[in-house]
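1. My questions concern the predicted model and sequence given below.
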Amino acid sequence: MEQRGIEPLYERLGYTFRDPELALLALTHTSYSNENPRQGPQHNERLECLGDAGLDFVISDLLMRRYPALPEGDLSKMRASLVSESALASIARELELGGHLRMGRGEEQSGGRDKDSILSDTLEALLAAVYLDSAPEHGIAAIQRVVHGLFAHRLAHGVRPPRLEDFKTELQELVQSRYKDTVRYEITAEVGPDHDKHFEAAVFFRDRELGRGSGRSKKQAEQSAARLALQSMKPAPPATATARSTSFSPVGRWSVGASRSRVIARARMTRLCRFNSGVSPSAAPSANPAATCPGVPSEFNVLTSCCSSLISTSMRRK
């Protein structure tokens, strides 16, 4: 791509690169580098990673300054709406990024220049390139100015909720409220050619996997994993006499091992008492053992009855 061909993009972006190669790298999709191996394995995925984090930081800073009284949960939801895949793809279309992308033939033939996932990732990569190009002299000032310019219209007209439910934010709020901690995501698999790739993501809490999902983009896969994690994290029931020994784990499964052990131990004790008191271990218990002591759980009445029989038998032998 020649320098004059990218100048209109500079104008729409509001930033002129001192190093055009950084801009070119940000606009290079993986499918292009795969089909042109002689030019080296250079593509924009590393820049995308940096841009994702940088955009979150700048948007969070912007929202905190604009809404000083807004609580953390509301700020998180507003940020998630602003940086969602569909929102970033919309900004990328306004910048006409699709026309400047370098991508492979297969990806282009499948409509890659207008895919939300590719456009949003490219915008993040381009913002990272702005930061790297300007940071030695201006720090984060340049990327802040560019981001503020791109998002000013949306902030002025209010932040709309995301088109799809934001399961990642909901999961983080749940984990934060229960455990005062955060979750992390990992892309565990990438399947298919560049123009029809599917991703698998897993979400972890303290090194324990909470859920695993898939999607046509990394963000969709992470949202799917978060949705499955939320489904498994069912709220704990109120503590009762029968449920007091259970405990909730971050993966949403109930621990019943201790309860089973106690039931087995009580059954064995009952059989032992019945044997020593002269009652056949296989004999059926009283039809209503709870009648021995109303209001007391039945297994304790059985034990009391058996032990009383054992004491009576011992006294008669004496």
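-> All right, it came through fine. Numbers count the residues shown, from 1 in each chain.

2. Any stretches of the stretch 101-250 of the chain with poor pLDDT?
-> 158-165, 234-250 (pLDDT under 70).

3. Which strands or helices does the helix or strand containing Leu25 pack on?
-> Element membership of Leu25, judged by DSSP states H and E, is helix 20-26. In this structure, helix 20-26 makes packing contacts with helix 3-13, helix 116-138, judged by 3 or more C-beta pairs under 8 Å, 6 or more residues apart in numbering; DSSP states H and E. In short, each C-beta sits where N, CA and C put it, glycine included.

4. Would you mind identifying the next helix or strand past the last one?
-> So that's helix 116-138. helix 141-156.

5. Who are the packing partners of that next one?
-> Against helix 141-156 (3+ C-beta pairs under 8 Å, 6+ apart) you get helix 45-66, helix 72-82, helix 85-95, helix 116-138.

6. do that again at 10 Å, thanks
-> helix 3-13, helix 45-66, helix 72-82, helix 85-95, helix 116-138 (3 or more C-beta pairs under 10 Å, 6 or more residues apart in numbering; DSSP states H and E).

7. can you state the direction angle for it and helix 72-82?
-> Following axes from the mean of the first three to the mean of the last three C-alpha atoms, to 10 degrees, one obtains 100 degrees for the angle between helix 141-156 and helix 72-82.

8. Check which element follows helix 141-156 along the chain.
-> Next in line after helix 141-156, if elements are assigned by DSSP H and E, sits helix 167-179.

9. can I get the helices and strands packed on helix 20-26 in a markdown table with mean neighbour count?
-> As requested, the helices and strands packed on helix 20-26 are arranged in a markdown table below (neighbours: other C-beta atoms under 10 Å):
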| stretch | mean neighbour count |
| --- | --- |
| helix 3-13 | 13 |
| helix 116-138 | 22 |
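
10. Which one, of the helices and strands packed on helix 141-156, ends up nearest to Leu171?
-> helix 72-82 (11.2 Å; C-beta to C-beta).

11. Same list (the helices and strands packed on helix 20-26) but as CSV, adding distance to Gly54.
-> Converted to CSV, these look like this (distance: least, C-beta to C-beta, whole Å):
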stretch, distance to Gly54
helix 3-13, 15
helix 116-138, 6
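
12. Out of these, which gets nearest to His43?
-> Short answer: helix 116-138, nearest of the helices and strands packed on helix 20-26 by C-beta to C-beta, at 9.0 Å.

13. Show the pLDDT at Gln42.
-> Looking at Gln42, its pLDDT reads 87.

14. Likewise for Ile59?
-> 95.

15. And the one 5 residues further on, by the same measure?
-> Model confidence at Met64, given as pLDDT, is 92.
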